[in-house]
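Peer 1: I would like the atomic coordinates for the input below:
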Amino acid sequence: MPELRAAREDDHPALVRRVQEWWGDSRTPQEARELSLLLPRLFLQFFAGTSLVAQDATGLRAFLVGLYAADDDTSAYIHFVGVDPALRGSGVGRALYEEFFRRAERAGRKDVRAVTSPGNTGSIAFHRALGFVVEPGDREVGGVAVRADYDGPGQHRVCFRRPL
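Peer 2: Numbering: from 1, shown residues only. Reported below is the predicted structural model:
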C-alpha cells in the first residue's frame, strides 16, 4: 500500500500528468487534457493541506483533492480523485477517502459532499459503498437522481452527501 501524505503545491505537475495518463485509456488525448484542466494549480496553492496523495518508490500512485467549505463550516467537499489503474480495487482509493473523512471530522466538519457524472456507474457504486447517499435531484438518469445542468447546460451530476 502506498504511503499517504498531505499534498503539496509542487505535486501539481505530477497530478496533471497522471490525469492525462490514467484517463488516456477511456478518452482521447484531447479529452484527457481537458479533464486535467479541472485541477488548476490553485487547488494545491490553497487546499494542499486538505488534499492527499499516495506515493511509493515509483512515485505518485493516487490522489484526492478536497477542501473544507468556506461558506459552510460543517461541510467538506471532495473535488477530484485519481488512482493508478494498476492499483484500482486494491483499497488505495478507500484509504484516501477514509483519511480525508478522519481529517475533516477532526476539523469539525459534519459531512462530506461529492459529485460525479450519471454515466460513471463505477464512481456511483464506489461512493455508495463508502456510505454516501445520493441527494435528491430534479430528474433521473439511468435510475439515479441527478441535478440537471449542475455544471452547465447538459452537464448533469449525481450529488452525494456522507455524514461524518
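
Peer 1: pLDDT wise, what is Lys110 at?
Peer 2: If you check Lys110, the pLDDT there is 98.

Peer 1: And for it, nearest residue in space, chain neighbours not counted?
Peer 2: Thr74 (4.3 Å; C-beta to C-beta, 6 or more residues apart in numbering). For the C-beta atoms, the positions are set from N, CA and C on the backbone; glycine is no exception.

Peer 1: secondary structure element for Asp72?
Peer 2: Taking DSSP states H and E as the definition, Asp72 sits outside all helices and strands.

Peer 1: wait, isn't the residue nearest to Lys110 in contact with Val112?
Peer 2: No: the criterion here is C-beta atoms under 8 Å, and Thr74 misses it with Val112 at 10.5 Å.

Peer 1: Of these two, give the one with the bigger neighbour count.
Peer 2: Neighbours were counted for Thr74 and for Val112 using other C-beta atoms under 10 Å; Val112 has more, 25 against 11.

Peer 1: strands paired with the host helix or strand of the more buried one, and their directions?
Peer 2: Using DSSP H and E, the element containing Val112 is strand 111-116. If you go by DSSP bridges, strand 111-116 pairs up with strand 75-83 (parallel), strand 158-163 (antiparallel).

Peer 1: any residues touching the shortest one, and which ones?
Peer 2: This means strand 158-163. 101, 110-118, 120, 124, 127, 130-135, 137, 144-147, 150 (C-beta atoms under 8 Å, 6 or more residues apart in numbering).

Peer 1: Mind giving me the ChimeraX command for buried ones among these?
Peer 2: Here is the ChimeraX selection string for the buried members of the contacts of strand 158-163, based on 16 or more other C-beta atoms under 10 Å:
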select :101,111,112,113,114,115,116,117,118,124,127,130,132,134,137,144,146,147
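
Peer 1: is it true that Gln45 lies in a helix?
Peer 2: Yes: checked against DSSP: H, G, I helix; E, B strand; the rest coil, Gln45 lies within a helix.

Peer 1: correct me, but it touches Glu9?
Peer 2: Yes: Gln45 lies in contact with Glu9 (C-beta under 8 Å); the separation is 5.5 Å.
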